[in-house]
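Peer 1: build me a model from this:
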Amino acid sequence: MQNNQSSCNRWGWIVALILALILLWMLLTGHGPSSACCSAPTEAAAPAEAVMPVSPETEAFEFTATANDFNGSGDDAKISWLNKADALRTLLSGGDALQAKGDAKNVALTGTVDSDAIKQKIGTEAQAFFGSAVAVDNQILVKAAEPAAVMPPPAAAKLYFDTGKTALPGEADATLAPIVEWLKSHDTAKAVLSGYHDSRGNKAVNEELAYNRAKAVQAALITAGIDVMRIEMRKPESVDGGGDLAEARRVEVSVE
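Peer 2: Alright, predicted model coming up:
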């Protein structure tokens, strides 16, 4: 009885070993049951969506305009001012090499004009032309102002007196007019009066006569509106009038 029990145990171990070897062989060779038999069924893959053809992208609108030409490209369907291109060319005729360049939303103005007032005027008119939806960048340059011409001072005025007289000659106001005008427009300038006499006769008397003539001219300048502090009296001078003694009976007025 004990021998039968041992024999059964031995055969049980042999069968178990054989089954284990079979299972190992099936796992190693892939002949075993697949995982698909135990897993949940998967849903069928959805069919791929149809791919719609993509139309080529429309080119953005751009333009360049001058007083003589207009060039535009791209999609201009929404550019409302295109039908007024002639007015834009007219606007760009108010300066040198004026140009408007940009797109549907931004425009730059370039070129040169004579004054800042003209620049501002063109910028304002351009903004009104393109409308509030377009940003106008006014890059127009203003020409540098030419320096004002420097006028030289007037030549010395000469007033000729009669022999032995101190009364101003009749044309004194007209002769002094350029001097007076210069002095009034140049606050720092001054008038210089020089009386002359010839060398004949008593020198002291001649100098007194020349001085009084210069005083008469000084009074005329003061009457014309020139401050006395801007009038310089210089010592009378003796000259040789040569054949024309009138040159020795004069008062010269110059500006410094």
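Peer 1: what's the neighbour count on residue 19?
Peer 2: Residue 19 is flanked by 10 other residues according to other Cβ atoms under 10 Å. Every C-beta, even on glycine, is put in place using the N, C-alpha and C of the backbone.
Peer 1: could you look up the SS state of it?
Peer 2: Classification of residue 19 by DSSP: H, G, I helix; E, B strand; the rest coil places it in helix.
Peer 1: all further residue positions should be reported with the first residue as 14.
Peer 2: Sure, I'll start counting at 14 from here, so that last one is residue 32.
Peer 1: isn't residue 250 right up against residue 206?
Peer 2: No. Judged on Cβ atoms under 8 Å, residue 250 makes no contact with residue 206 at a distance of 11.6 Å.
Peer 1: hey, what's residue 151 bridged with?
Peer 2: Taking DSSP bridges as the rule, residue 151 bridges to residue 122.
Peer 1: that one: neighbour count?
Peer 2: Residue 151 has 15 neighbouring residues, counting by other Cβ under 10 Å.
Peer 1: also residue 170?
Peer 2: By other Cβ under 10 Å, 22 other residues sit near residue 170.
Peer 1: look up the closest residue to it, ignoring the ones flanking it.
Peer 2: residue 266 (4.5 Å; Cβ to Cβ, 6 or more residues apart in numbering).
Peer 1: what residues are up against the one you found?
Peer 2: 169, 170, 171, 172, 189, 192, 204, 205, 206, 230, 234 (Cβ atoms under 8 Å, 6 or more residues apart in numbering).
Peer 1: one more time with 6 Å
Peer 2: Residues near residue 266 by Cβ atoms under 6 Å, 6 or more residues apart in numbering: 170, 192, 204, 206.
Peer 1: how about the strands in the stretch 64-213 of the chain?
Peer 2: 75-79, 83-86, 109-116, 119-126, 148-151, 154-155, 170-173, 204-210 (DSSP state E, counting those that start in this stretch).
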